[in-house]
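**Q** Sequence first, then the predicted structure, then my questions.
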Amino acid sequence: METHNICFVGAGPGDPELITVKGRRVLETADLVVYAGSLVPAAATCWAAHARKENSAGMHLEQIIRVMAEARQRGQKVVRLHSGDPSLYGAIAEQMAELDRRQIPYEVIPGVTAAFAAAAALKMEYTLPEACQTLILTRMEGRTPVPELEDLASLAAHQASMAIYLSAGLAESVEPVLKEHYGSDAPVAIVQRASQPDEHVVRTTAKNLAAAMQAESIERQALIIVGKAVGAREHANAASKLYDPAFGHGYRKGEKPDGG
């Protein structure tokens, strides 16, 4: 009997069409889809029309591995569907370690993370020429600790563009950090359920972050985005060198200022 690799697939941020073509193809031929139902909307499983679907929200690690391993042993094609991109806050390392221990082969198909769907909703670019060239993806310490050198204040000190995950319920702790390092009036965007039909965007400032989230009843499934790029139309004049007519590169000869 033929057996198949278990396939971890990034479902994307919620819009079923924001899955990769490769991920969709794998789902279309799956026999079993084990999906993280606390974050992956049921709509994201639509491509697996003929598969049995198991919501892992109420399962622990051993149960998840057992369900997948048993299906694979029966010759079924198994997909483990994670929200966004599996490599980011996906808790896949422990699953892969357990599959390694059992000598069960697997592969990973990346997905679109919520930070990029949020940028699309905001119509913004995280890396603006001469304003910000770094994007930090991080989280506030809560029930899950973070390494001391990666605490939010240490990262905020760089004043880079920053997308803060898994911290919507910790706005009162996030706010003073952003005020200190970005400034009280720094623009902040909150994007809840990015790319989904009920996507909700709130624009505020660092000093009003907690109040804005409370007023909008946002406690989960939201990104907090801060940095010079948030609504920074004033930086639009700092154009990239890539399209500067005077800037030559391997694909185009630079023009002289007089047009010669």
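**A** Sure, I can see it.
**Q** any low-confidence regions in the chain?
**A** Within the chain, the stretches with pLDDT under 70 are 232-260.
**Q** can you give me the strands for it?
**A** For the chain, the strands defined by DSSP state E occupy 6-10, 32-35, 52-55, 78-82, 106-109, 135-139, 161-165, 187-192, 200-205, 222-226.
**Q** For the third one, enumerate the helices and strands it packs against.
**A** Okay, so that is strand 52-55. Here strand 52-55 touches strand 32-35, going by 3 or more Cβ pairs under 8 Å, 6 or more residues apart in numbering; DSSP states H and E. From N, CA and C alone the C-beta is placed, and that goes for glycine too.
**Q** ok, back up a step: distance to A115 and mean neighbour count for the strands of the chain - can I get that in a markdown table?
**A** Formatted as a markdown table, the strands of the chain follow (distance: least, Cβ to Cβ, whole Å; neighbours: other Cβ atoms under 10 Å):
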| stretch | distance to A115 | mean neighbour count |
| --- | --- | --- |
| strand 6-10 | 13 | 25 |
| strand 32-35 | 21 | 24 |
| strand 52-55 | 25 | 16 |
| strand 78-82 | 15 | 28 |
| strand 106-109 | 19 | 17 |
| strand 135-139 | 6 | 17 |
| strand 161-165 | 4 | 24 |
| strand 187-192 | 9 | 24 |
| strand 200-205 | 14 | 17 |
| strand 222-226 | 6 | 26 |
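**Q** Tell me which of the ones you listed lies nearest to A215.
**A** strand 200-205 (8.6 Å; Cβ to Cβ).
**Q** Give the partner strands of that closest one in its sheet and their orientations.
**A** Here strand 200-205 has these sheet partners by DSSP bridges: strand 187-192 (antiparallel).
**Q** Need the CA coordinates for the strand it pairs with. PDB is fine.
**A** Coordinates of each C-alpha in strand 187-192 appear next as PDB, following Å, rounded to 0.1, in the frame of the first residue of the first chain:
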ATOM      1  CA  PRO A 187       0.400  56.400  14.300                       C
ATOM      2  CA  VAL A 188      -0.800  52.900  15.100                       C
ATOM      3  CA  ALA A 189      -3.000  50.600  13.100                       C
ATOM      4  CA  ILE A 190      -5.100  47.700  14.400                       C
ATOM      5  CA  VAL A 191      -6.200  45.100  11.800                       C
ATOM      6  CA  GLN A 192      -8.600  42.500  13.100                       C
END
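**Q** between it and strand 161-165, how many degrees?
**A** Counting by axes from the mean of the first three to the mean of the last three Cα atoms, to 10 degrees, strand 187-192 lies at 30 degrees to strand 161-165.
**Q** contacting residues around strand 187-192?
**A** Applying Cβ atoms under 8 Å, 6 or more residues apart in numbering, the external contacts of strand 187-192 come out as 114, 117-118, 121-122, 124, 168, 178, 199-206, 209, 212-213, 216, 218, 221-226, 230-232.
**Q** what does stretch 171-181 give?
**A** By Cβ under 8 Å, 6+ apart, stretch 171-181 touches 140, 152-153, 156-157, 159, 164, 167, 186, 188, 206-207, 209-210, 213-214, 224, 226.
**Q** can we see that at 6 Å?
**A** Contact with stretch 171-181 is made by M140, L152, A153, A156, A157, S167, A206, K207, L209, A210, M213, V226, as judged by Cβ atoms under 6 Å, 6 or more residues apart in numbering.
**Q** Tabulate those residues (JSON lines), appending distance to P129.
**A** Conversion of those to JSON lines gives the following (distance: Cβ to Cβ, whole Å):
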{"residue": "M140", "distance to P129": "29"}
{"residue": "L152", "distance to P129": "27"}
{"residue": "A153", "distance to P129": "27"}
{"residue": "A156", "distance to P129": "22"}
{"residue": "A157", "distance to P129": "22"}
{"residue": "S167", "distance to P129": "29"}
{"residue": "A206", "distance to P129": "24"}
{"residue": "K207", "distance to P129": "28"}
{"residue": "L209", "distance to P129": "27"}
{"residue": "A210", "distance to P129": "32"}
{"residue": "M213", "distance to P129": "31"}
{"residue": "V226", "distance to P129": "19"}
